[in-house]
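Asks: this one's sequence-less:
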């Protein structure tokens with residue numbers, strides 16, 4: 001997916017000129033950073049897909065995840081590889097609550113489940129591995145918040161979606177009567193992008209909803 005053609009500051013300048021107030025650059029920078037963060041948190045855009053690999057040794061009960069780890073890309077995204085046979089062993093996800101109910105979490109054997117500690121950014125498997133395995137985890141990255149507005153906002157199909165979302169914010173900020181109409185335009189644009197990336201026969205269903213905190217474009221304020 002191509003990067004935006006314009007820098008973040010260029011997007012902001014265009015939006016503020018359109019709204020008729022070019023003095024709120026600092027506020028607009030903050031809000032554009034919020035918008036990008038929310039889009040990356042709430043949807044699995046293809047450019048957020050990443051893979052972590054490594055090894056896990058016998059009885060290992062804590063393995064570090066990448067600092068950019070957001071969540072598993074799908075429920076099929078974690079697997080072990082038996083180093084002696086090359087066999088792939090899919091792991092089912094287990095919640096921390098269910099893990100805490102296990103009678104003997106220290107049981108060793110061929111692992112069947114993965115338990116993720118989102119606070120510590122680590123994972124463990126159950127049963128604990130009885131030997132060394134390689135692992136492969138496909139996950140959604142959480143990119144760093146935008147702080148440099150002199151560069152393009154990488155990843156999104158083009159900058160029109162970001163521009164429209166920022167304009168919606170500017171309309172609300174300025175108490176502009178165009179707010180509701182522009183919000184409807186923004187929601188339609190987002191639906192169009194989501195549909196395109198989910199239904200493409202060559203790309204497959206690579207874009208999905210993340211665990212929802214994003215329950216409507218009107219939440220971007």
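Replies: The structure has been received and is ready for your questions. Computed from a prediction, not measured in an experiment: that's the story for all the values here.

Asks: helices of this protein, start to end?
Replies: Taking DSSP state H as the test, the helices found in the chain are 8-19, 25-42, 96-100, 160-173, 179-199.

Asks: how about TSV for those, with mean neighbour count and mean pLDDT added?
Replies: C-beta: built from backbone N, CA, C; applies to glycine. Formatted as TSV, those follow (neighbours: other C-beta atoms under 10 Å; pLDDT from 0 to 100):
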stretch	mean neighbour count	mean pLDDT
helix 8-19	19	97
helix 25-42	18	94
helix 96-100	11	93
helix 160-173	22	96
helix 179-199	15	86
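
Asks: out of those, which gets nearest to residue 133?
Replies: Taking C-beta to C-beta, helix 96-100 is the member of the helices of the chain nearest to residue 133, at 18.8 Å.

Asks: packing partners for the closest one?
Replies: Using 3 or more C-beta pairs under 8 Å, 6 or more residues apart in numbering; DSSP states H and E, the elements in contact with helix 96-100 are strand 113-117.

Asks: domain ranges for the chain?
Replies: Listed by automatic domain parsing, the domain ranges of the chain are 8-45+155-219, 48-141.

Asks: distance to residue 148 added to those, as CSV?
Replies: Formatted as CSV, the domains of the chain follow (distance: least, C-beta to C-beta, whole Å):
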stretch, distance to residue 148
domain 8-45+155-219, 8
domain 48-141, 17
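
Asks: what sits up against stretch 20-32?
Replies: 8-9, 11-13, 15-16, 146, 149, 153, 162, 166, 169-170, 173-174 (C-beta atoms under 8 Å, 6 or more residues apart in numbering).

Asks: for those, which one is nearest residue 100?
Replies: Distances from residue 100 to the contacts of stretch 20-32, taken by C-beta to C-beta, are shortest for residue 146, at 37.7 Å.
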